[in-house]
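Predicted structure and sequence below. I'll ask about it afterward.
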Amino acid sequence: MYNLECNNENSLKGVFMIKNLKENILRIVILAILFSSSVYSQKFSASADRTIVGVNEQFQVDFTFEGGDINDISNFIPPSFSGLRILSGSNQSTSMTIINGKVSGSLTFSYILIAQNIGEFTIGSASLVYKGNKYSTQSIKIKVEKGTSNQSRQNTNTKEELAKNVFIVAEANKTRVLQGEQITVTYKLYTKLNIASPQISKLPAYEGFWAEEIQPIKQINFDLEMYRGERFRVAKIKQVALFPTKTGLLNVTPFELNIPVIVKKKK
């Protein structure tokens, strides 16, 4: 989060606040995306990467519609996650296929969940509307068992490792301006991991500013750059010109991305 403060002398002071770990000033959501498509029929299904998990262990649930033009999908209603806590979601991913002139695609709504209590929990049915017809998923039962200390350490280490190797940094060209004077904010993606194309989950809100995007970036190109003594692949993903329209404390909300991380399976 980037906070901008105007005092009574019409000056503007910028202060970076840590939203997540270390210099990760903007929230980032990491998830694996599974694509599937079917040309001739429509199907809306639910799946979980695991149905038996430990306490405080994260797991992912996907609700996928496939086999039609995803532009005709509307009114997605998520299920009840009673007894479970949502860490992230819904995060959307899409794919599109054209075979013999027929358009077919899939749209997935993903949630990252965590169970904090031992027991059996039921994730209810999700629903959506496609071309006027309602589709619903089956429910999913999740069994939560007592987690081991080794499992907890492994989960913690995985999150910390991702946070150190994939993150977003917002840079402002000025930290002191007059009201109405331009501030240029540049968002950069830093990564050491093999990732697919990021997808925007949530754009920042610029309340109290007049905002103009500078040359929208249509293709992400990575360069090598040193950051805090380490080498990263770096890409500029967004640049915005901000003009404060009032004095006081002005907040820019986080910029959220879904970033598919490509992981090689062990044989």
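Received, thanks.

Now residue 77: closest residue in space that isn't a chain neighbour?
Leaving aside its sequence neighbours, residue 77 sits nearest to residue 127 (Cβ to Cβ, 6 or more residues apart in numbering; 4.9 Å). All C-beta atoms are positioned from the backbone trio N, CA, C, and that covers glycine.

State the number of residues packed around the one you found.
By other Cβ atoms under 10 Å, 16 other residues sit near residue 127.

Would you confirm that it contacts residue 138?
No - between residue 127 and residue 138 there is no contact under Cβ atoms under 8 Å: 11.5 Å.

Spell out the residue ranges of the helices in this structure.
For the chain, the helices defined by DSSP state H occupy 149-165.

can you list the weak-confidence ranges in it?
Residues of the chain meeting the criterion pLDDT under 70: 1-40, 94-104, 147-161, 163, 175-176, 249, 251, 262-267.

Show me the domain layout of it.
The chain breaks down into these domains under automatic domain parsing: 2-27+165-260, 31-162.

Quick one: distance of the last one to the chain centre.
When you say that, I think you mean domain 31-162. 14 Å (Cα atoms, centre = their mean, to the nearest Å).

same thing with stretch 185-200?
11 Å.

ok, residue 162 - how many residues close by?
Using other Cβ under 10 Å, residue 162 has 16 other residues around it.

Verify the contact between it and residue 259 for me.
No - using Cβ under 8 Å, residue 162 makes no contact with residue 259, being 9.5 Å away.

For the stretch 151-267 of the chain, which segments count as strands?
Applying DSSP state E, counting those that start in this stretch to the stretch 151-267 of the chain gives strands spanning 166-172, 176-178, 183-191, 199-202, 209-213, 223-227, 230-244, 248-252, 256-260.

now do the stretch 1-150 of the chain
Along the stretch 1-150 of the chain, counting by DSSP E, counting those that start in this stretch, strands occupy 2-6, 11-16, 29-31, 43-48, 52-54, 58-68, 73-77, 84-99, 102-115, 119-123, 127-130, 133-136, 140-145.

Out of those, which is the most enclosed?
For the strands of the stretch 1-150 of the chain, the largest average neighbour count (mean count of other Cβ atoms under 10 Å) is found in strand 58-68, namely a mean of 22.
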